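1. what follows is a predicted protein model with its sequence.
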Amino acid sequence: MSIKTSIKEHFTNNHLNLINHFENASFKSHWDYFFQDNPELDSNQTYFEGDCNLKRDLVFRRFNWKDLDECVALFKKVFSADPWFDEWVSLDQSRNYLKELVENPVFEGFLMCEDSKIVAVCLGHRRSWWMGKEFFVDEFFVKTGRQGNGIGTKTVGSLVNVLRQDGYTRLTLLTNKNIPAETFYLKNGFYNNEKRTVMVRELQ
Ligand SMILES: CC(C)(COP(=O)(O)OP(=O)(O)OC[C@H]1O[C@@H](n2cnc3c(N)ncnc32)[C@H](O)[C@@H]1OP(=O)(O)O)[C@@H](O)C(=O)NCCC(=O)NCCS
């Protein structure tokens, strides 16, 4: 086992300390070194040049801790609007929620960028299910004002390619019925699992 792999395994087993450590800006490059090491995504590969609604280059890459605040701002704006109307009271509250997702030891996140600005975000986590490695999408969204231009579709396409290369066999997510997002997912190869239901028990 390489030294890099040993160190990565050691810290993965103590991930909360590790996350706190990397929250310190001066150590963020260490996170990149040990954890963001998929060379295919580290390169600035450009997709979809010349698409009619996508006049600028789109770059698909992995989420990095330094992207958190930009994602938080986009997330709060997108989900405060139609059709969600979520009531996030502050950026700190949204940041806390997304930070919890990122701190998950099996977290994986991906971004689509346009002129270096994030336009689509996919935050999820791995589930080592008996049927194979599954990617559960916790949050997926396209920047307000850029929706409806094919960016979400391109992001799902790139995500699927990368996950297949990484040995994933399935993508799963929850969304609301009868909203544009449901139509979007159905158009992008997802189906409703009629055998499943979402159960909730209120505690107040
Ligand atoms: C749902 C979402 C990810 C789709 O990404 P997108 O880039 O807007 O979608 P695309 O342009 O690739 O695909 C558009 C298709 O998705 C559907 N769609 C979903 N949301 C849409 C929106 N806000 N504007 C236009 N089309 C939308 C339409 O059916 C459309 O099909 P059409 O072009 O044939 O009419 C994006 O609109 C979004 O972030 N919405 C708000 C957040 C959200 O609902 N996230 C999913 C939570 S589970």
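-> Sure, I can see it.

2. hmm, who's touching the top strand by length along the chain?
-> Longest strand in the chain, counting residues (DSSP state E): strand 117-129. With contacts defined as C-beta atoms under 8 Å, 6 or more residues apart in numbering, strand 117-129 is touched by 58, 63, 67, 70-71, 74-75, 98, 101-102, 104, 106-113, 133-143, 146, 151-152, 154-155, 159, 168, 170, 172-173. (C-beta placed from N, C-alpha, C; glycine too.)

3. tell me how far that strand lies from the chain's centre.
-> In terms of C-alpha atoms, centre = their mean, to the nearest Å, the centre of strand 117-129 is set 2 Å apart from its chain centre.

4. tell me the strands beside it, with direction?
-> Strand pairing for strand 117-129, using DSSP bridges, gives strand 107-114 (antiparallel), strand 132-142 (antiparallel).

5. which parts of that strand are buried?
-> Ile118, Val119, Ala120, Val121, Cys122, Leu123, Gly124, His125, Arg126 (16 or more other C-beta atoms under 10 Å).

6. then stretch 98-110?
-> Buried residues in stretch 98-110 (16+ other C-beta under 10 Å): Leu98, Leu101, Val102, Asn104, Phe107, Glu108, Gly109, Phe110.

7. output that stretch as CSV, nothing but the C-alphas.
-> C-alpha atoms of stretch 98-110 as CSV (Å, rounded to 0.1, in the frame of the first residue of the first chain):
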residue,chain,number,x,y,z
LEU,A,98,-24.8,21.5,2.9
LYS,A,99,-21.8,21.2,5.1
GLU,A,100,-23.4,18.2,6.9
LEU,A,101,-23.8,16.5,3.4
VAL,A,102,-20.2,17.2,2.6
GLU,A,103,-18.9,15.9,5.9
ASN,A,104,-20.5,12.5,5.2
PRO,A,105,-17.6,10.1,5.0
VAL,A,106,-19.1,8.6,1.9
PHE,A,107,-19.9,12.0,0.3
GLU,A,108,-19.2,12.6,-3.4
GLY,A,109,-20.0,15.9,-5.1
PHE,A,110,-19.9,17.2,-8.6
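
8. ok, residues contacting that stretch?
-> Stretch 98-110 is contacted from outside by 12, 15-16, 19, 41, 60-63, 65, 67-68, 71-72, 75, 121-127, 135, 138-139, 155, 158-159, 162, using C-beta under 8 Å, 6+ apart.

9. list buried residues within these.
-> Buried subset of those (neighbour count, 16+ other C-beta under 10 Å): 19, 41, 60-63, 65, 67-68, 71-72, 75, 121-126, 135, 138-139, 155, 158-159, 162.
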